[in-house]
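Q: can you look at this prediction? I've put the sequence above it.
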4 protein chains.
Amino acid sequence: MQYKKDELRDTILAESEKEFLKKGYRNASLRQIAKRSGMTIGNVYHYFDSKEALFNELVKHEHDAFIYILNHHSDRELMSNTSQSVDLTVWKRSLRSFLAEFKPIFTNRFLIMLDMSEGTKYEHTKGEFVKFLNAHFLEHLKNQPIVFSPKFGELISKQLIEGVITILRTITDENERLDMMTDLFLFYILGIMGMAK
Amino acid sequence: MQYKKDELRDTILAESEKEFLKKGYRNASLRQIAKRSGMTIGNVYHYFDSKEALFNELVKHEHDAFIYILNHHSDRELMSNTSQSVDLTVWKRSLRSFLAEFKPIFTNRFLIMLDMSEGTKYEHTKGEFVKFLNAHFLEHLKNQPIVFSPKFGELISKQLIEGVITILRTITDENERLDMMTDLFLFYILGIMGMAK
Amino acid sequence: MQYKKDELRDTILAESEKEFLKKGYRNASLRQIAKRSGMTIGNVYHYFDSKEALFNELVKHEHDAFIYILNHHSDRELMSNTSQSVDLTVWKRSLRSFLAEFKPIFTNRFLIMLDMSEGTKYEHTKGEFVKFLNAHFLEHLKNQPIVFSPKFGELISKQLIEGVITILRTITDENERLDMMTDLFLFYILGIMGMAK
Amino acid sequence: MQYKKDELRDTILAESEKEFLKKGYRNASLRQIAKRSGMTIGNVYHYFDSKEALFNELVKHEHDAFIYILNHHSDRELMSNTSQSVDLTVWKRSLRSFLAEFKPIFTNRFLIMLDMSEGTKYEHTKGEFVKFLNAHFLEHLKNQPIVFSPKFGELISKQLIEGVITILRTITDENERLDMMTDLFLFYILGIMGMAK
DNA sequence: GATGAATGAGCTTTCATTCAT
DNA sequence: CATGAATGAAAGCTCATTCAT
């Protein structure tokens, strides 16, 4: 029984994932999800209290993991490895292993939370992510002469995250994803360094 | 009479602009637009044939101007001024005057056309813009050893346009907009040059 | 002025004729009529008080003429010419000249009144026409043994009128119309005579 | 549960039947149907996907049966029984038993399909029925000198079907219906034979 | 005479949600 | 556990009609 229950629950979550990813929270249809899950809409409400509850359930783990990483991660290692080097390939290797840590949260549900959550309590997560990244940039640059405005820094941070989202959305192969993200981060770092000169 | 008509028409267009900008074409509500414009829905239909017709009317000029610029603009001057220089300030000045040409189309309606038009015939404009920009990048880099994959090039192009959109969305002052865009373009050029080394 | 006024009035009536003939009273659109007439809807109301008033105006003359014929026409001549004959061509000639009298009311407006007037005060005209025709049949048959039920008589009458309507609707050439109607009436007379045997 | 569902479904279908029969597909109102069925419109959509789906459901069986009869029926028996006879009562008996075969499809829903289906995929059924009947007439007359034009033949076929429709619309008693249709067909056969002489 | 602005009620349809069984 | 009946609000849209100018 419990098995079956969990199975159905997972089916609903899986179909929700597709629906939310395609249409976003607001335009997703519970009717569609129920139909695709092979059950009645009433039964969906048996497992989840509301559309928003279903959404929250879908991205809960991703959000927790995401918050945990934001609070606990350290990029000191990255910095120590790379700060003095001028060799691109060294940078690349370090960046790649750094980004590999994030692999577990690079899921569709993470993507949904960041980019398809308008109308839910998660709709501001992307913005917070941007702020976090921006704070990091500032910290790394605090000993250097600031060469761009705070607003521009926010813009760059937002761009970087939008890039990550685009990669998650368009590339499915894990290694290709990592390669692309590595290049993307490298690209942004080079841009920043270029402007700092 | 004619005056009043034009006035109300403009009121509807102005309220539509807000509504489309906030919710996008699909989720925008004609009832809301009507209420905000101080009239009944029926009267909105007196001015515009349909929701899509209203949308088209809203972005028509922007789209025309946009297409014109895409087809007629030349960046040769930009290139000749800057290709040999290594001075950032020279680059900046050239870029800024180049981007200033686009000022007339940097409006909320242009933003709506690019970013809030899902469900209309304009929904592919952003994608075409990305392709256009990408083709330009490739042309400028054709004599240099290509240092990133086509996919990465597309990503960068997309990023740049998303950046433009973000600037349009968050900054209202025209000069500040131009400054920010100049920096953004410079940033991307520096990134590309950095990776080419 | 008066000329112009009448002209416009006639334009509206002409466009109404097309619209009512195509869609019937209920589904006809005053907007369409106004647009086709090259004027605003308000102006249509300047000439006619309402949709129904416009309709009434359109078919008024036809209705009057129709009623007049119903009340004054005599088919004695037809009878005297034909009752003793067994020659089809004689019948045909008589019938044709008899039906030719009705030519003036065989118009599109007559057709509209009979067949496209649901929702107006004319919607029962067809039924009254049927009753009238049925009464005539009965009169002509009163000296003969009645060979079918009153209900069947009504049915035949209705059929005949539906036939006339079909002819008016599908044939535009006046002579061809008359030929066809002559054949139709002949056909019905032969049917009745056949059943009387 | 299932019972109640079927019950309400049938209620909706029954009320739809009345509404479509009175106003035709296009002018029928789902609001009215819902109100008459004692429920909200939303719930009507719980049972049927759309107005057209409801209509199709209503006439589906009738249409299938109708098509089957058109494709499989044979009137050879009718012909062999009657062709040489001149006795009206013999004809009548044969025609009556022939028409009795059609009893199952002589329903209000058949009537709706034929005559109230403008705007649905069934709107051409009546025309096809006319063509079918006309082709039959021609076949039966192929060894005789043709005495009327093709157009007149079509007219007669249309008339016959309009007569069937009128009978279905005005007479509810099954036997009376059959009697009336028998007389109607006889009447038309006599008319044709009369003109052939 | 003529314009066209404005209304209010109607239409079909979709939706999230509730609840008795 | 699960069904599916039912609701009420909202959507885009069309219509005949009224009326100030």
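A: That came through, no problem. Numbers count the residues shown, from 1 in each chain, chains lettered A, B, ... in the order given.
Q: near DNA strand E, which residues of chain A?
A: A:28-32, A:41-42, A:45, A:49-52 (Cβ under 7 Å from any atom of the strand). Where you see a C-beta, it was placed from the backbone N, CA and C, and this is true even at glycine.
Q: can you pull the pLDDT of residue A:5?
A: Note for residue A:5: predicted pLDDT of 65.
Q: er, residue A:109 actually
A: 95.
Q: just for chain A, where's the confidence low?
A: Within chain A, the set of residues satisfying pLDDT under 70 comprises A:1-5, A:73-86, A:197.
Q: can you give me the domain assignment for it?
A: The record's domain parsing of chain A by automatic domain parsing lists A:1-48, A:59-196.
Q: out of those, which gets nearest to DNA strand F?
A: Closest of the domains of chain A to DNA strand F is domain A:1-48, at 1.8 Å (criterion: Cβ to the nearest atom of the strand).
Q: ok, that closest one near chain D or not?
A: No. Using Cβ under 8 Å from any Cβ of the partner chain, domain A:1-48 never reaches chain D; the gap is at least 10.4 Å.
Q: and that domain, how far out from the chain's middle?
A: 23 Å (Cα atoms, centre = their mean, to the nearest Å).
Q: stretch A:187-197 now?
A: 23 Å.
Q: how about that stretch: buried residues?
A: A:187-192, A:194-195 (16 or more other Cβ atoms under 10 Å in any protein chain shown).
Q: ok, and does it reach over to chain B?
A: Yes. Stretch A:187-197 lies within reach of chain B by Cβ under 8 Å from any Cβ, at A:187-188, A:190-195, A:197.
Q: could you restrict the residues you listed to the ones contacting chain D?
A: Applying Cβ under 8 Å from any Cβ to those, none is adjacent to chain D.
Q: restricted to helices, list those residues.
A: A:187-188, A:190-195 (DSSP state H).
Q: which strands and helices lie in contact with the strand or helix carrying residue A:109?
A: Here residue A:109 sits within helix A:108-115, counting by DSSP states H and E. Packed against helix A:108-115 by the contact rule (3 or more Cβ pairs under 8 Å, 6 or more residues apart in numbering or on different chains; DSSP states H and E) you find helix A:2-27, helix A:51-72, helix A:125-140, helix A:150-170.
Q: single out the most deeply packed of those.
A: helix A:150-170 (a mean of 19; mean count of other Cβ atoms under 10 Å in any protein chain shown).
Q: tell me the angle that helix makes with helix A:125-140.
A: 130 degrees (axes from the mean of the first three to the mean of the last three Cα atoms, to 10 degrees).
Q: which secondary structure elements does helix A:150-170 contact?
A: helix A:108-115, helix A:125-140, helix A:174-196, helix B:150-170, helix B:174-196.
Q: tabulate those in TSV, adding columns for distance to residue C:142.
A: Shown next, in TSV, are the helices and strands packed on helix A:150-170 (distance: least, Cβ to Cβ, whole Å):
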stretch	distance to residue C:142
helix A:108-115	86
helix A:125-140	92
helix A:174-196	97
helix B:150-170	89
helix B:174-196	96
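Q: how about those helices, which one is nearest residue C:58?
A: The minimum distance between residue C:58 and these falls on helix B:150-170, with 56.7 Å, by Cβ to Cβ.
Q: any idea how far the closest one is from the middle of the chain?
A: 11 Å.
Q: just the C-alphas of it, formatted as PDB.
A: Extracted C-alpha coordinates of helix B:150-170, given in PDB (Å, rounded to 0.1, in the frame of the first residue of the first chain):
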ATOM      1  CA  PRO B 150      29.200  27.300 -31.900                       C
ATOM      2  CA  LYS B 151      27.000  26.400 -29.000                       C
ATOM      3  CA  PHE B 152      29.000  28.600 -26.700                       C
ATOM      4  CA  GLY B 153      28.800  31.400 -29.200                       C
ATOM      5  CA  GLU B 154      25.000  31.200 -29.200                       C
ATOM      6  CA  LEU B 155      25.000  31.200 -25.500                       C
ATOM      7  CA  ILE B 156      27.100  34.400 -25.300                       C
ATOM      8  CA  SER B 157      24.800  36.000 -27.900                       C
ATOM      9  CA  LYS B 158      21.700  35.100 -25.900                       C
ATOM     10  CA  GLN B 159      23.400  36.400 -22.700                       C
ATOM     11  CA  LEU B 160      24.100  39.700 -24.300                       C
ATOM     12  CA  ILE B 161      20.600  40.200 -25.400                       C
ATOM     13  CA  GLU B 162      19.200  39.100 -22.100                       C
ATOM     14  CA  GLY B 163      21.500  41.700 -20.600                       C
ATOM     15  CA  VAL B 164      20.100  44.400 -22.800                       C
ATOM     16  CA  ILE B 165      16.600  43.300 -21.800                       C
ATOM     17  CA  THR B 166      17.500  43.400 -18.100                       C
ATOM     18  CA  ILE B 167      18.900  46.900 -18.500                       C
ATOM     19  CA  LEU B 168      15.800  48.000 -20.300                       C
ATOM     20  CA  ARG B 169      13.700  46.500 -17.600                       C
ATOM     21  CA  THR B 170      15.500  47.900 -14.600                       C
END
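Q: and for residue A:111, the neighbour number?
A: Residue A:111 has 21 neighbours, counted by other Cβ atoms under 10 Å in any protein chain shown.
Q: ok, residue A:43 next?
A: By other Cβ under 10 Å, 13 other residues sit near residue A:43.
Q: distance of it from residue A:8?
A: Residue A:43 is 8 Å from residue A:8, where distance means Cβ to Cβ, to the nearest Å.
Q: how about residue A:132?
A: If you measure residue A:132 against residue A:8 using Cβ to Cβ, the figure is 37 Å.
Q: same question, residue A:118
A: 28 Å.
Q: could you do residue A:115 as well?
A: Distance, residue A:115 to residue A:8, using Cβ to Cβ: 27 Å.
Q: around chain B, which positions in chain A sit nearby?
A: Close to chain B, as judged by Cβ under 8 Å from any Cβ, chain A has residues A:26-27, A:88, A:148, A:151-152, A:155-156, A:158-159, A:162-163, A:166-167, A:171, A:180, A:183-184, A:186-188, A:190-195, A:197.
Q: three-state assignment of residue A:89?
A: The three-state label given to residue A:89 by DSSP: H, G, I helix; E, B strand; the rest coil is helix.
Q: how many neighbours does it have?
A: Neighbour count of residue A:89, defined by other Cβ under 10 Å: 8.
Q: for residue A:94, same thing?
A: Quick note: residue A:94 (other Cβ under 10 Å) scores 19 neighbours.
Q: just say helix, strand or coil for it.
A: Applying three-state DSSP: residue A:94 is helix.
Q: cool, residue A:144 as well?
A: coil.
Q: same question for residue A:147.
A: coil.
Q: what residues are up against residue A:38?
A: The contact partners of residue A:38, by Cβ atoms under 8 Å, 6 or more residues apart in numbering or on different chains, come to residue A:11.
Q: check which helix or strand it maps to.
A: Going by DSSP H and E, residue A:38 is not part of any helix or strand.
Q: now do the phi/psi pair for it.
A: Phi and psi for residue A:38, reported as degrees, to the nearest 10, are phi 70, psi 40.
Q: do you know how far residue A:125 is from residue A:177?
A: Counting by Cβ to Cβ, the gap from residue A:125 to residue A:177 is 20 Å.
Q: so which of the domains of chain A comes closest to residue C:94?
A: Nearest of the domains of chain A (Cβ to Cβ): domain A:1-48, 70.1 Å.
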